[in-house]
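Colleague: build me a model from this:
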Amino acid sequence: MDPLTQGVLGSSVTQTTASKKEITLATIMGCLGGMAADLDIFIRSSSDPLLYIEFHRHFTHSLFFIPIGGAIISFLLWISCLRKRPFKKIYKYTTIGYATHALLDGCTSYGTLLLWPISDHRFAWDSISIIDPLVTIPLLLGTLLTVYLKNKKWAYFSLSFVALYFVFGFVQNNRVKEQVYVLAKKRGHQIERVRVTPSLANLIVWRTFYQYEEDFYVDSIRMNFLGTSKVFEGGKVRRFNFEKILNEVSRESFLYKDLKRFSWFADEWLITHPNNANLIMDLRYSSLPSSLKPLWGIELPVEPELGHAKYKVFPRNINSETLKDFLKFFD
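Modeller: Below is the predicted model of the structure:
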């Protein structure tokens with residue numbers, strides 16, 4: 001999720017383990033630890049644009065890396081400005097904060113390598129949006145009240161609310177998925193695989209997409225709190241024939257390696273740009289829940305042996321009209 005949410009979750013959980021006199025220290029250390037795993041965004045290469053998406057939410061987000069990540073951050077803090085504090089305390093609080101990061105990211109749809117190096121599976125439980133104020137605001141308020149009043153009950157209150165909200169996210173995910181199967185059955189489709197993901201900043205309107213034969217079908221479903229739903233039909237798009245191209249190119253080529261990496265990153269939800277056969281896009285994310293226009297993709301090199309694919313972020317055109325179109329899903 002976003003850095004603020006990661007930080008306040010790390011703070012809030014760490015506060016519950018601190019004594020009254022150490023709440024402020026625990027809050028700061030937990031916040032820094034909670035955000036630290038995202039330092040992997042600095043793993044980049046000008047010659048290999050896909051290196052960034054390959055290593056974001058990679059080893060720094062592994063559950064096995066938690067004690068190592070906590071040790072690195074606490075050591076840097078200790079030698080730079082906290083020599084008068086016991087290292088053991090700093091390590092405890094930063095590590096607790098660090099431990100919250102990957103599990104929170106795993107609840108989103110982006111994909112997180114929770115079990116690296118045992119597995120390179122990208123865990124994505126699709127139960128929460130990457131940005132959601134109903135997670136961030138309660139945690140922030142609870143953290144601030146706990147520091148100001150020196151009373152941990154506010155941390156417990158905010159964490160309890162957020163925990164229930166996450167449970168609701170899993171419930172909504174299952175409800176929406178059931179409706180996708182109903183919708184596909186009406187169309188005469190046998191679903192081969194399916195994903196449902198919450199749209200930005202809410203758990204009511206969901207983006208849904210499934211595969212039937214060689215096509216992906218994209219829709220949006222509004223699932224209200226009481227379980228009533230409404231379908232907003234999107235459209236279908238041809239699945240990118242990933243296997244065919246891999247069988248036609250050398251395994252040593254940049255094209256082969258980049259396609260393998262991007263397919264792994266996008267969980268194989270790949271489509272081709274309608275006007276550019278060299279532009280491969282990630283269907284999972286779009287500005288509007290039922291749109292067939294993804295947010296990012298890769299542009300394949302003309303000469304596969306000579307260079308890497310380029311990572312492309314498409315213009316989002318977020319304006320008042322886009323906001324109005326988004327709000328229509330809540331009508």
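Colleague: dihedrals phi and psi, L279?
Modeller: Backbone torsions of L279, given as degrees, to the nearest 10, read phi -110, psi 110.
Colleague: where's it relative to F240, distance?
Modeller: Using C-beta to C-beta, to the nearest Å, L279 is found at 10 Å from F240. Backbone N, C-alpha and C define where each C-beta goes, glycine included.
Colleague: need the overlap of contacts for the two.
Modeller: Both L279 and F240 are in contact with T272, where contact means C-beta atoms under 8 Å, 6 or more residues apart in numbering.
Colleague: who's more crowded, those two?
Modeller: For L279 versus F240, the count of surrounding residues by other C-beta atoms under 10 Å is larger for F240: 25 against 18.
Colleague: find the residue at the geometric middle of the chain.
Modeller: Closest residue to the average C-alpha location of the chain: Y110 at 3.3 Å, with C-alpha atoms, centre = their mean.
Colleague: tell me the SS of that one?
Modeller: coil (DSSP: H, G, I helix; E, B strand; the rest coil).
Colleague: check the gap between the residue nearest to G234 when sequence neighbours are not counted and R207 for me.
Modeller: Ranked by C-beta to C-beta, 6 or more residues apart in numbering and with sequence neighbours excluded, the top spatial neighbour of G234 is S290, at 3.5 Å. To R207, S290 is 7 Å away according to C-beta to C-beta.
Colleague: intersection of neighbour lists for the two?
Modeller: In contact with both S290 and R207: V218, S220, using C-beta under 8 Å, 6+ apart.
Colleague: who's more crowded, these two?
Modeller: A count of neighbours by other C-beta under 10 Å puts R207 above the other of S290 and R207, at 28 against 22.
Colleague: surely the more buried one is within a helix?
Modeller: No: the assignment for R207, made by three-state DSSP, is strand rather than a helix.
Colleague: now the strands: where do they sit in the stretch 151-300 of the chain?
Modeller: Using DSSP state E, counting those that start in this stretch, the strands of the stretch 151-300 of the chain run over residues 193-198, 205-212, 215-223, 229-238, 270-273, 276-282, 296-299.
Colleague: how is the chain carved up into domains?
Modeller: 3-125, 240-322 (automatic domain parsing).
Colleague: winner for burial among those domains?
Modeller: Highest mean neighbour count among these (mean count of other C-beta atoms under 10 Å): domain 3-125, with a mean of 19.
Colleague: what's the average pLDDT for that domain?
Modeller: What domain 3-125 shows for mean pLDDT is 96.
Colleague: end to end, how far does that domain reach?
Modeller: Taking C-alpha to C-alpha, to the nearest Å, domain 3-125 runs 19 Å from one end to the other.
Colleague: one more: stretch 119-138?
Modeller: 34 Å.
Colleague: and if you look at stretch 112-124?
Modeller: So stretch 112-124: terminal residues 7 Å apart, C-alpha to C-alpha.
Colleague: so which residues make contact with it?
Modeller: Here stretch 112-124 makes contact (C-beta under 8 Å, 6+ apart) with 57-59, 61-65, 102-103, 105-106, 108-111, 264-265, 267.
Colleague: what of stretch 131-147?
Modeller: 1-2, 4-5, 8-9, 11-12, 15, 23-24, 27, 128, 151-152, 154-155, 157-159, 161-162, 165-166, 198, 200-203.
Colleague: out of those residues, which are inside helices?
Modeller: The helices, defined by DSSP state H, take in 4-5, 8-9, 11-12, 15, 23-24, 27, 154-155, 157-159, 161-162, 165-166 from the contacts of stretch 131-147.
Colleague: before we move on, back to that, how about the strands of the stretch 151-300 of the chain in CSV, adding mean pLDDT and distance to T94?
Modeller: Output for the strands of the stretch 151-300 of the chain, formatted as CSV (pLDDT from 0 to 100; distance: least, C-beta to C-beta, whole Å):
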stretch, mean pLDDT, distance to T94
strand 193-198, 98, 30
strand 205-212, 98, 35
strand 215-223, 98, 38
strand 229-238, 95, 43
strand 270-273, 94, 38
strand 276-282, 91, 33
strand 296-299, 94, 32
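Colleague: any chance of those strands in TSV, plus distance to K310?
Modeller: Putting the strands of the stretch 151-300 of the chain into TSV (distance: least, C-beta to C-beta, whole Å) gives the following:
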stretch	distance to K310
strand 193-198	26
strand 205-212	25
strand 215-223	23
strand 229-238	22
strand 270-273	13
strand 276-282	10
strand 296-299	4
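Colleague: got phi/psi on L300?
Modeller: The phi/psi pair for L300 (degrees, to the nearest 10) is phi -70, psi 150.
Colleague: isn't it right next to H273, touching?
Modeller: No: between L300 and H273 there is no contact, the gap being 10.8 Å when judged by C-beta atoms under 8 Å.
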